[in-house]
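[1] model the structure of this input:
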Amino acid sequence: MSHSSKLVRAASALSFPWRTRDPFLFCAHHKDAYPAGDDAMAAPPSARAGRHMGSDFSGKDGFSMYHGETVPGFPAHPHRGFETVTIARSGYIDHSDSLGATARFGNGDVQWLTTGAGIVHSEMFPLVHQDKPNPTELFQIWLNLPRSSKMVSPYFSMLWGEDVPTIRRGEPGHQAELRVIAGRFDDTGAAPPPPDSWANRPEAHVEIWTIRLEPGAKITLPPTTASSNRTLYFFQGKEIILRGADEEILVDQHAMIELQPTLSVELEAPDGEVELLLLGGEPIGEPVVQHGPFVLTTHEELEQTFRDYNRTRFGGWPWGSSGPVHPRTKGRFAIHTDGRIETRD
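    Okay, here's the model as predicted:
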């Protein structure tokens, strides 16, 4: 699929992971129909059979184990030089890291982690329900850091789902809902991002919005700066209409749509509910030299990163398991690196 018009710079079918544009590096949409868990909140042995355990991205039976051996998820792994923004749409994520922070979050919560100079963390998906399935859905978005901020101190933060600013347009049953995770929508601004984030610079115009349209619902996205990259991901539903002053485009397959940033665009769901993700912002415009979980600007910086990690392990690993999970009865909470505790359930 390709398209170019007044409203759309380019469009293409969605792949995995989703392609992104500067200042974003990566976006993965994980949607897994996990079964009921066992006593350890793990997938039962029968559900793990026939998989390449330790690196399972198969989608067999509607879910993947990723790098988890019993509990699905991503056991301890390092990062440097960018940020992760994790939007938990359903299910739970258990986070632990090398600086001592830990959390359980889900059902609309957002975790924003500046990896900066280096951190090790784990992201596990505990199957807390033993008597019913454990569907889990999330976005993980990688937002780059400029060279001047790549060696800042790591920073862990939580944005709880009930605190995410939400705009609603239309009548019940035909309503549009837009959640502002980063940036502004009209007069509604998101909670402050981490202090060293590219998103914390007003001139960067970073936008992370999730959009849900009920049948017949409409919402108009306002214009942004001409130099911004603004990408709309249509990932759920049958079709979406994009409408401008003198143009209407029907998109009838899931797609990555690069919008013309200086034009407002009306979105309409003509036939059934649809969902979209929008990522936007001014490009950082610096070289990207990446090897797996490390994102720097030169090969020399990348080589130094490997030396630093081999020497320091980015603070070590204070947990008894490479993929720790919290007790089944534990609700949503976060323990920050300064010892501050937040609870939400």
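
[2] give me the below-cutoff pLDDT ranges for the stretch 151-300 of the chain.
    Scanning the stretch 151-300 of the chain for pLDDT under 70 picks out nothing.

[3] what segments of the stretch 101-250 of the chain are strands?
    Secondary structure of the stretch 101-250 of the chain (DSSP state E, counting those that start in this stretch): strands at 102-106, 110-114, 119-124, 134-144, 155-159, 166-169, 176-182, 184-185, 188-189, 207-213, 218-221, 229-236, 240-243, 248-251.

[4] go through those and name the closest to residue 27.
    strand 134-144 (5.0 Å; CB to CB). To be clear about C-beta, it is placed using only N, CA and C from the backbone, and glycine gets the same treatment.

[5] avg pLDDT for that closest one?
    What strand 134-144 shows for mean pLDDT is 98.

[6] direction included, what does it pair against?
    strand 24-34 (antiparallel), strand 82-90 (antiparallel) (DSSP bridges).

[7] for the ones you listed, give me a markdown table that also has mean neighbour count and distance to residue 119.
    Shown next, in a markdown table, are these (neighbours: other CB atoms under 10 Å; distance: least, CB to CB, whole Å):
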| stretch | mean neighbour count | distance to residue 119 |
| --- | --- | --- |
| strand 24-34 | 19 | 16 |
| strand 82-90 | 22 | 10 |
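
[8] as CSV, the strands of the stretch 101-250 of the chain with mean neighbour count and distance to residue 76 would be great.
    Output for the strands of the stretch 101-250 of the chain, formatted as CSV (neighbours: other CB under 10 Å; distance: least, CB to CB, whole Å):
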stretch, mean neighbour count, distance to residue 76
strand 102-106, 22, 12
strand 110-114, 24, 14
strand 119-124, 25, 5
strand 134-144, 22, 16
strand 155-159, 21, 15
strand 166-169, 14, 34
strand 176-182, 22, 26
strand 184-185, 18, 36
strand 188-189, 12, 35
strand 207-213, 23, 26
strand 218-221, 19, 39
strand 229-236, 22, 29
strand 240-243, 21, 39
strand 248-251, 15, 40
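
[9] any chance of the strands paired with strand 134-144 in a markdown table, plus mean pLDDT and distance to residue 332?
    Listed next are the strands paired with strand 134-144 as a markdown table, based on pLDDT from 0 to 100; distance: least, CB to CB, whole Å:
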| stretch | mean pLDDT | distance to residue 332 |
| --- | --- | --- |
| strand 24-34 | 98 | 18 |
| strand 82-90 | 98 | 10 |
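
[10] can I get those strands in TSV including distance to residue 133?
    As requested, these are exported to TSV (distance: least, CB to CB, whole Å):
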stretch	distance to residue 133
strand 24-34	6
strand 82-90	11
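
[11] okay, the strands of the stretch 101-250 of the chain in TSV with distance to residue 293 next?
    Shown next, in TSV, are the strands of the stretch 101-250 of the chain (distance: least, CB to CB, whole Å):
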stretch	distance to residue 293
strand 102-106	20
strand 110-114	12
strand 119-124	9
strand 134-144	10
strand 155-159	16
strand 166-169	32
strand 176-182	22
strand 184-185	31
strand 188-189	31
strand 207-213	21
strand 218-221	32
strand 229-236	23
strand 240-243	34
strand 248-251	33
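
[12] the longest helix in this structure is where?
    helix 299-312 (DSSP state H).

[13] other SSEs contacting that helix?
    Helix 299-312 is packed against strand 289-291, strand 294-296, with contacts defined by 3 or more CB pairs under 8 Å, 6 or more residues apart in numbering; DSSP states H and E.

[14] looking at the ones you listed, which one is packed in the most?
    strand 294-296 (a mean of 23; mean count of other CB atoms under 10 Å).

[15] let's check: the centremost residue of the chain is which one?
    residue 140 (2.7 Å; CA atoms, centre = their mean).

[16] surely that residue and residue 27 touch.
    Yes. Counting by CB atoms under 8 Å, residue 140 sits close enough to residue 27 to count as a contact (7.3 Å).

[17] burial count for the residue nearest to residue 55 when sequence neighbours are not counted?
    Among residues not flanking residue 55 along the chain, residue 67 sits closest, at 6.1 Å (CB to CB, 6 or more residues apart in numbering). By other CB atoms under 10 Å, 21 other residues sit near residue 67.
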